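Enquirer: fold the following, please.
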Amino acid sequence: MKSILNNPYRVAGLLAGASARERNTKVNRLRRYAEAGMEPPSEGDYSFPSLGALSRSEAEVNEAAAKLDLDRDRMGAALFWFYHGSDSDAAAFDALKRGDVEGAADVWSKLATGSDVTARNCSAFQNLSTLRLLQCIRKTTVSATVLEQAVALKIRFLESDCLKEFVTAVTDETYTAGRKDIELAFLRTLMHDMGQVKGFSAAKMKAAVMKLRFAAREDFTKDFVQTLVDDIRRRMEETERQREKNAGKACEYGDRLYEDTREWLAQLKEMTGASDMRYTHSADIVAEEMRVCAIVYLKHTGGGDLKAERKKMSLITSLLDMLDRLTGRQGSMTVEGARALVSEAGTALDDVRELLGYVSESAAVRLMRKACDAVAGTAMRQKCEKMRDDMQELQGGTRADILKRADILKRSTGVASRAMDMIETEIGALTGKRSRAKKKVILERLDAALAVLDSVAKLDMTPECKNRLRASRMMLEEKRNAVRNRRLKRRTVINGIPLRGGTVWAAIQYFFWVTVIPFALLWAVDALWPAASYPGNRFVRALPYTLLMLWLLYTTHGIASLVKMKFPGLGSFLYFVANIMLLSIYTPFYLEIQEKAALSLADSISLWILGFGLLFYAIHRQRRLAAENPDGVMGSTTGRLHGTPGVMYFTYLLRSLIIPLIAACIIDLWHLSVNPVWRAIFYIYGFLWVYENVRMMLLCNMRYWDRSKASSFLYTQHLMLFLPEAGAFLIWYFEWYPVARWVSGLFIVYGFFWLLASIAILTMKSSK
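Expert: Below is the predicted model:
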């Protein structure tokens, strides 16, 4: 940093604040050594060679002496040099003489850590700031953190009461500059020196200064703004001279202008505001110069780059149209048709990819797009945007437009899906029930189809399409293996049990096994264990009924599986109905046994475990169905519900039965008596349970009908009627008769507002 490394005090080997006598003595001695061509002795010398290179020719010594004659020059030099203000400074100066820069910094850092600047540590703030200013410059970069620390230390020193003593030591009584003038002089000199460092930016200087509060802050802000304005104008004029010399590189010069001034304009806008004349004028002259660069470039090249880009875009458009025709035509749905489609479309896709790698925005269009970003004034913005749009029209659009239309992934996925449709159509016809094709022909077509799928796998596809490709390949390989084994083995899964044959034969097998096995077990139990038929044996009394329940469970689920193959929605509904039906049959059976027989605790627990088992099995079935139908997610009082609206409702219904079942089980097993308070709680819970189940049913109905007006109206009516329904229930249960007049009045007022709200909802537009 010039103000430190070439400081007059350093050249003279003095500390800031040296007296006139010391200055004259030191300068005269240095002159004699310079004339004799000898190095001056290090004793009593404060030039600190460890800070950087130093030249002390006779001319340089004389120049330094001249700069120390006037008070103003001495003050400017002292701000960027070391000052002896306390006994601790001597140890730091000795460390600097030895070349231990960090040792000196440690000495001053310990003194400059306090919140107050005092006579004891003020020189530490001044000296550490000077040292950090030199350390913030690292080759071609400027450390923003070190710069902020150095500036903060210096400003704290200049804002303190110790400044007066410092000024007195450096100057004489004729020096009249105040605190604000001294701070401004320091910051201006620092800004000038930092501007000559390659890695310095205005943002770093602004960040270092604008966080502080000091006397000259407002004046420095004005200086900083004016510096930015001058730098922007100077950079614009430089671009103007460059493009006049070489019109062929006008767009390149305009790009450089944009990159060089973008940060300056952002700083200027932040400090002055978007509507300030200094910012708008600076932004507009930059945008205007960029516009002129684009015009000069187009005149020089004759619009050649626009024509070249237009030609590339035209070729891409033709290829995209051909791809649309290939995937949309109604060709033969065969393996050969799929092979031809993949071959032609793959070549076209490769050509599009190659052309997209070359297509780009014209240099002039790119420059005008940047000009539109830089401009601030309305009139200039309209002029730049019109020129940009005109050039884009001549070019044939922007690269973003062509990329959006190309959408390689979407088009490639469409080709792959179309090819798989063709393959599955022919193979399905060949391997169907009515096919009379020979084994050899089927194998040939299957091998050809697998070869086409290998070509399809080379295309770009979405994850869903890749999953379909893997599934299609597995299906073809299974069919090829089945044909090679001379027969196609059909399997049908009913209620999780794989059975051979088609639907009819599999259904016959299923009902045979689920009928024969349970009744054979019942016969074996009766024949081999006569005690099972004895009515007084309470431990095995429930065994036949349990087997009957299991038989009914598998039979009804098998029927649901068969129905689901043809009607998925109806089959899922039958699953729920079967589970609820089993629970409804089990409950009265248990109550009847409890009334007619004296059951032990073990018998009672076993029956309740069976009931809970059926309930949780039903819930498990709902979760599996939800995984098969992940059409939506909805939160409720029983957790998150997944699946279709129907699956969500029946899942909620089954989950909401858990708490009542647990309560009934506890009361029954321990023969607990229910007092009136708990009875009232159970009744109120029952009311809330019924209300919430109706609400969930209406909510699922609304989701199923996509929030149609009728479904939304029913749902909102149910919500609005909660208060009167709850009030009527409480009046009925606690027999609050006759009803108080104020309660009747509340019902009437609520009913009036309910009527108005209902009319308002009916007149609203549907949200569907």
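Enquirer: which strands or helices does whichever strand or helix holds residue 281 pack on?
Expert: Taking DSSP states H and E as the criterion, residue 281 maps to helix 277-301. Contacts defined by 3 or more C-beta pairs under 8 Å, 6 or more residues apart in numbering; DSSP states H and E place helix 277-301 against helix 217-245, helix 250-272, helix 363-374, helix 378-395. Every residue, glycine included, has its C-beta placed from N, CA and C.
Enquirer: most tightly packed of these?
Expert: With neighbours defined as mean count of other C-beta atoms under 10 Å, those peak in mean count at helix 363-374, which reaches a mean of 23.
Enquirer: what packs against it?
Expert: Going by 3+ C-beta pairs under 8 Å, 6+ apart, helix 363-374 lies up against helix 250-272, helix 277-301, helix 304-328, helix 378-395.
Enquirer: low-scoring stretches of the stretch 501-650 of the chain, by residue?
Expert: Within the stretch 501-650 of the chain, the segments meeting pLDDT under 70 span 501-502, 525-526, 528-550, 566-639, 642-643.
Enquirer: over to the stretch 651-768 of the chain?
Expert: Checking the stretch 651-768 of the chain against pLDDT under 70 turns up 665-674, 706, 765-768.
Enquirer: how about the stretch 1-150 of the chain?
Expert: By pLDDT under 70, the low-scoring segments of the stretch 1-150 of the chain are 115, 138-140.
Enquirer: element containing residue 515?
Expert: Taking DSSP H and E as the criterion, the element that holds residue 515 is helix 503-528.
Enquirer: in that helix, what's buried?
Expert: Of the residues in helix 503-528, those with enough neighbours to count as buried (16 or more other C-beta atoms under 10 Å) are 506, 507, 509, 510, 511, 514, 518, 522, 525.
Enquirer: excluding chain neighbours, what is closest to residue 149?
Expert: Of all residues not flanking residue 149 in the chain, residue 132 sits nearest, at 5.6 Å (C-beta to C-beta, 6 or more residues apart in numbering).
Enquirer: ok, back up a step: can I get the helices and strands packed on helix 277-301 in CSV with distance to residue 558?
Expert: Formatted as CSV, the entries for those read as follows, by distance: least, C-beta to C-beta, whole Å:
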stretch, distance to residue 558
helix 217-245, 82
helix 250-272, 72
helix 363-374, 67
helix 378-395, 66
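Enquirer: those: which one's closest to residue 142?
Expert: Between residue 142 and the helices and strands packed on helix 277-301, the tightest spacing by C-beta to C-beta is seen for helix 250-272, at 14.1 Å.
Enquirer: show me which pair in the buried residues of helix 503-528 is furthest apart.
Expert: Taking C-beta to C-beta, the two most distant members of the buried residues of helix 503-528 are 506 and 525; they sit 29.0 Å apart.
Enquirer: now tabulate the helices and strands packed on helix 363-374 in a markdown table and tack on distance to residue 742.
Expert: As requested, the helices and strands packed on helix 363-374 are arranged in a markdown table below (distance: least, C-beta to C-beta, whole Å):
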| stretch | distance to residue 742 |
| --- | --- |
| helix 250-272 | 64 |
| helix 277-301 | 68 |
| helix 304-328 | 73 |
| helix 378-395 | 66 |
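Enquirer: where among those is average confidence lowest?
Expert: Within the helices and strands packed on helix 363-374, confidence is poorest for helix 304-328, with a mean of 68 (mean pLDDT).
Enquirer: number of residues surrounding residue 284?
Expert: 20 (other C-beta atoms under 10 Å).
Enquirer: thinking it is in contact with residue 382, fair?
Expert: No. If you go by C-beta atoms under 8 Å, residue 284 and residue 382 don't touch, sitting 11.8 Å apart.
Enquirer: and residue 743, how close does it get to residue 170?
Expert: Remark: distance between residue 743 and residue 170 (C-beta to C-beta, to the nearest Å) = 92 Å.
Enquirer: which of the two has more neighbours?
Expert: Summary of the neighbour comparison: residue 743 and residue 170, criterion other C-beta under 10 Å, with residue 170 having more neighbours (22 against 13).
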